[in-house]
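Enquirer: A predicted structure for the sequence below; I have some questions about it.
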Amino acid sequence: MSDKKQKKPQKLKARLARGFPDRSSADIRATDQMMAKIRTVYERFGFEPVETPFVEYTDALGKFLPDSDRPNEGVFSFQDDDDQWLSLRYDLTAPLARHVAENFNDIQLPYRTYRAGWVFRNEKPGPGRFRQFMQFDADIVGAPGVQADAEMCMMMADTMEALGIPRGDYVIRVNNRKVLDGVMEAIGLGGEENAGKRLTVLRAIDKLDKFGIEGVKLLLGAGRWDGGKEGEGDFAPGAGLDDGQVERLLGFLIIAEGNDVEETLASAESSFCDSQTVLTGVVELRKISEMALIAGYGPDRIKIDPSVVRGLEYYTGPVYEAELLGGIPNEKGQIVQFGSVGGGGRYDGLVSRFMGQPVPATGFSIGVSRLMTALKNLGKLSGEAASGPILITIMDRDRIGDYAKMAQELRTELNPVGNDGQPLGPTIPVELFQGNPKDFPKQLRYADRRGSPIAIIQGGNEKEAGKLIVKDLIEGKRIAETITDNAEWREAKAGEHLVDEGDLVITVKRILAEQASDAAIDAAEGQG
């Protein structure tokens, strides 16, 4: 055909990159509420904020992630124009080590710091498993004693309670990588030549809460089929330990079952008395337990647990996890076990890589999105705005300036600030309608969808009389529910107040106060 039709340009398909989530306003508000409470606890313990960039030199981050079957060992990396390799940070700890080393002479040790931020993992995404997620960390650098680790565990416990999680519904579980390393030495997995096998063993132990003792037994041996039977589902290769090694390791894992802290530690000492590494780790755990008890943190809050591993390779001593106990409803209303929402440990070698001298450090990280989801599902956080916006409707497009002035007056008067410029109360938003002013009912439908408590209306007639209408949308909705006749509803003008222009602010304040009072009464009756 000589007359070929031009191909229509294809529409760009809107699609979200796998593993990178969008966040709703409700999630952002809930996260901000949660992080404000966490920050208060951190600062109560004397920690101060610091921030590091998303991107670091790849060699500065180091290769510590356990997900070695992914490109770049789980890290997103790219090359700069000067041929230097850069990576998106995969946690907040490795960048902190670089920051401390680079600013070592200017930092006061022990350095107590906290920071929040996005981290990135080049992992296979799945339900609840994202490639971008937020962490909120606290660390002590330059404190060699395990009293620093004990204090971190105490702060984790206080953080859980500050977020409204009562005692009995959480526990901080504590172990020591020295104990785990010593146990593996005792079963013949010491030395550099067994480094890969030790990592496989640690990954298997880390699955104890997910697969149970029998599942871990398979992962320590030949391997495990996801379907439960040979040939069903995917196959996860095991560590290849022999029966004797598996039995001794599993015996260590169940030491804590039914025992108190002292019995657990004494049993570990007697079972692996030939390992100095185990004995050193047990002494450190005993010190942590004793310090926690004296400070009022019993085993219902901080518990020694030999099954705690933590996935990252850089831990060198005590490791700990914050775990939510009991069932928590998910988005579908099903009761699920949420498990760990944060953890950390001692990483004495991480800063030392840059320094050529020992620099002890310990810290923990909270998985912000995971914990926020759990708290929302428990009803401990609300993502709802304190108030929808007061809506200034548009009746006459030639008077946009008048409506904008009205909106600004309300914003100023309803949101006073102190001498320091900071707000004196919760924010009351005021919004000028930006849609088509010809369709007035659409403006009120918009106000309803936005949860607006009040709409301000001024047409030509009201302007000429120096008046305006303040419409109480909450009261109007309540009255409308009692009226079935349209004529009666129009006659009632539910919730409408015709007032002088000069009385706008005082009328809006009065209506907001009445709405707050009614809401408080309804809440009290609901609890009663």
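Expert: Structure received.
Enquirer: okay, and the helix or strand of the protein with the least pLDDT?
Expert: Here the helix or strand of the chain ranked lowest by mean pLDDT, DSSP states H and E is helix 486-492, holding a mean of 55.
Enquirer: Give the pairing partners of whichever helix or strand comes after that one; include direction for each.
Expert: Going down the chain from helix 486-492, the next helix or strand is strand 496-500, by DSSP states H and E. Applying DSSP bridges, strand 496-500 is found paired with strand 467-472 (antiparallel).
Enquirer: Identify each buried residue in the partner strand, please.
Expert: Using 16 or more other C-beta atoms under 10 Å as the test for burial, strand 467-472 gives L468, I469, V470, K471, D472. Quick note: C-beta positions are derived from backbone N, CA and C, even for glycine.
Enquirer: Which helix or strand contains the residue nearest to D226 when sequence neighbours are not counted?
Expert: The shortest distance from D226 to any non-neighbouring residue, by C-beta to C-beta, 6 or more residues apart in numbering, is to G233 (3.1 Å). Using DSSP H and E, G233 maps to neither a helix nor a strand.
Enquirer: can you pull the contacts of G233?
Expert: W225, D226, G227 (C-beta atoms under 8 Å, 6 or more residues apart in numbering).
Enquirer: mind redoing it with 10 Å?
Expert: For G233, the contact set (C-beta atoms under 10 Å, 6 or more residues apart in numbering) comprises R224, W225, D226, G227.
Enquirer: where does the residue nearest the centre of the chain fall, phi/psi-wise?
Expert: Note on the chain: the residue nearest the mean C-alpha position is V368, at 0.8 Å, using C-alpha atoms, centre = their mean. Per-residue torsions, V368: phi -60, psi -50 (degrees, to the nearest 10).
Enquirer: Pull up the gap between it and M155, please.
Expert: According to C-beta to C-beta, to the nearest Å, V368 and M155 sit 16 Å apart.
Enquirer: Equivalent analysis for T393, please.
Expert: T393 is 50 Å from M155, by C-beta to C-beta.
Enquirer: so Q245 is in which element?
Expert: Counting by DSSP H and E, Q245 is part of helix 243-253.
Enquirer: Which neighbouring elements make contact with that helix?
Expert: helix 177-186, helix 195-206, helix 208-220, helix 261-271 (3 or more C-beta pairs under 10 Å, 6 or more residues apart in numbering; DSSP states H and E).
Enquirer: Report the buried residues of the third one.
Expert: Meaning helix 208-220. For helix 208-220, the neighbour count (16+ other C-beta under 10 Å) marks L208, G215, V216, K217, L218, L219, L220 as buried.
Enquirer: got the contact list for the second one?
Expert: G215 makes contact with A204, K207, L208, R224, G228, A236, according to C-beta under 10 Å, 6+ apart.
Enquirer: Enumerate the positions of the helix or strand where the fourth one lies that are buried.
Expert: With the criterion set as DSSP H and E, the secondary-structure element containing R224 is strand 223-225. Residues of strand 223-225 classed as buried under the neighbour-count rule (16+ other C-beta under 10 Å) are R224.
Enquirer: now stretch 296-315
Expert: Neighbour count says stretch 296-315 has 297, 301-310, 312-315 buried, by 16+ other C-beta under 10 Å.
Enquirer: returning to what we had before: same list (the contacts of G233) but as TSV, adding pLDDT and distance to T362.
Expert: Converted to TSV, these look like this (pLDDT from 0 to 100; distance: C-beta to C-beta, whole Å):
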residue	pLDDT	distance to T362
R224	91	33
W225	90	38
D226	84	36
G227	77	40
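Enquirer: so L250 touches G212, yeah?
Expert: No - here L250 does not reach G212: they are 11.1 Å apart, not a contact under C-beta atoms under 10 Å.
Enquirer: Common neighbours of those two, please.
Expert: With C-beta under 10 Å, 6+ apart, L250 and G212 have no common neighbours.
Enquirer: where in the stretch 351-500 of the chain is pLDDT low?
Expert: Confidence mapping of the stretch 351-500 of the chain against pLDDT under 70 gives the ranges 481, 483-493.
Enquirer: ranges for the strands of it?
Expert: Using DSSP state E, counting those that start in this stretch, the strands of the stretch 351-500 of the chain run over 361-367, 390-392, 430-432, 454-457, 467-472, 496-500.
Enquirer: Can you lay out those as TSV showing distance to A30?
Expert: Output for the strands of the stretch 351-500 of the chain, formatted as TSV (distance: least, C-beta to C-beta, whole Å):
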stretch	distance to A30
strand 361-367	14
strand 390-392	23
strand 430-432	22
strand 454-457	25
strand 467-472	29
strand 496-500	35
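Enquirer: Which among these is found nearest to S517?
Expert: Between S517 and the strands of the stretch 351-500 of the chain, the tightest spacing by C-beta to C-beta is seen for strand 467-472, at 12.9 Å.
Enquirer: show me the contacts for R370.
Expert: R370 touches G128, F130, F133, M134, L324, F338, G339, S340, V341, G342, counting by C-beta under 10 Å, 6+ apart.
Enquirer: and the closest residue to V50 other than its chain neighbours, what pLDDT?
Expert: Distances taken as C-beta to C-beta, 6+ apart place T113 nearest to V50, at 4.7 Å, with adjacent residues excluded. Here, the pLDDT recorded for T113 equals 97.
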